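Q: Show me how the following folds:
(2 chains)
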Amino acid sequence: DVKVTQSSRYLVKRTGEKVFLECVQDMDHENMFWYRQDPGLGLRLIYFSYDVKMKEKGDIPEGYSVSREKKERFSLILESASTNQTSMYLCASSLSRAGVGEQFFGPGTRLTVL
Amino acid sequence: AQSVTQLGSHVSVSEGALVLLRCNYSSSVPPYLFWYVQYPNQGLQLLLKYTSAATLVKGINGFEAEFKKSETSFHLTKPSAHMSDAAEYFCAVSAPKAAGNKLTFGGGTRVLVKP
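A: Now for the predicted structure:
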């Protein structure tokens, strides 16, 4: 089974802090994704990566950056956390461009910014 | 460009009754379609997927969905609701062979099951 793990289930940070959310997948998937989930808004794509060191902006990249130095690891960075970044963050991975696009999700990190 | 619309952000059903969750999509290419379920404080889990084979797709936990191209729909059903079906359900469409194989998600439908 594909396993996607996220470094924390719950995180509390203060406004202005730099925040790192880590995601690791163990199935050699090419594609990795970061979403945020808010009530009534569904999942919104922040960034994705289809190869090591490659990244593409999603629908809501403002205030975020990402890093993918190794194929299995995709990090989301909040350079200066703000209260409006309080949310559930979900990481996902999928096999490759040749696949059907099925994504496998981690358990999520619920981030609270005070 | 793709989009997904889920009709009804909340659905309430009685235990044993039919569950019907509606999903309509738009896509400029033949789509792949997915239903995911999310239980409280968990990530998303795949229920079923349509990949241009049979139009009636069976998934886990007794769920199934039918792809109707003429109606651009992919509605999810389960004949008899169980208390354990209480969760949020997301419909999604992908762009086959596009870089990153992104999914576009609907807004989700939260299902409440009444005893």
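Q: residue contacts, the closest residue to chain B within chain A?
A: Proximity to chain B, evaluated over chain A using CB to the nearest CB, is greatest for A:G101 at 3.2 Å. For the C-beta atoms, the positions are set from N, CA and C on the backbone; glycine is no exception. Contacts for A:G101 (CB atoms under 8 Å, 6 or more residues apart in numbering or on different chains) come out as A:94, B:32, B:34, B:94-96, B:101-103.
Q: Nearest to B:V13 among these?
A: Nearest to B:V13 among the contacts of A:G101 is B:F34, at 21.8 Å by CB to CB.
Q: Provide a list of residues in contact with the closest one.
A: If a contact means CB under 8 Å, 6+ apart, then B:F34 has A:101-102, B:46-50, B:91-94, B:103 as its contacts.
Q: what do you get for B:L20?
A: B:11, B:75-77.
Q: Buried residues in stretch B:70-82, which are they?
A: B:73-76, B:78, B:81 (16 or more other CB atoms under 10 Å in any protein chain shown).
Q: Stretch B:45-56 too?
A: Quick answer for stretch B:45-56 (16+ other CB under 10 Å): B:46-51.
Q: Need the residues you listed in JSON lines (columns: pLDDT and distance to A:S65).
A: Converted to JSON lines, these look like this (pLDDT from 0 to 100; distance: CB to CB, whole Å):
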{"residue": "B:L46", "pLDDT": "94", "distance to A:S65": "29"}
{"residue": "B:L47", "pLDDT": "96", "distance to A:S65": "33"}
{"residue": "B:L48", "pLDDT": "95", "distance to A:S65": "35"}
{"residue": "B:K49", "pLDDT": "92", "distance to A:S65": "31"}
{"residue": "B:Y50", "pLDDT": "92", "distance to A:S65": "35"}
{"residue": "B:T51", "pLDDT": "87", "distance to A:S65": "34"}
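Q: from the residues you listed, which two are the most distant?
A: Maximum distance among these (CB to CB): 14.1 Å, for B:L47 and B:T51.
Q: Which strand or helix spans the residue at minimal distance from the centre of chain B?
A: Centroid check for chain B by CA atoms, centre = their mean gives B:W35 as the closest residue, at 3.2 Å. Element membership of B:W35, judged by DSSP states H and E, is strand B:32-38.
Q: Could you identify the helix or strand that succeeds that strand?
A: Going down the chain from strand B:32-38, the next helix or strand is strand B:44-50, by DSSP H and E.
Q: Can you list the neighbours in contact with the next helix or strand after that next one?
A: For strand B:44-50, the following helix or strand on the C-terminal side (DSSP H and E) is strand B:56-58. Contact with strand B:56-58 is made by B:48-50, B:64-67, as judged by CB under 8 Å, 6+ apart.
Q: got the residues of chain B near chain A?
A: Selection of chain B residues close to chain A by CB under 8 Å from any CB of the partner chain yields B:9, B:32, B:34, B:36, B:41-46, B:49, B:51, B:90, B:94-103, B:105-108.
Q: List buried residues within these.
A: Using 16+ other CB under 10 Å, the buried ones in those are B:32, B:34, B:36, B:43-44, B:46, B:49, B:51, B:90, B:94-96, B:100-103, B:105-108.
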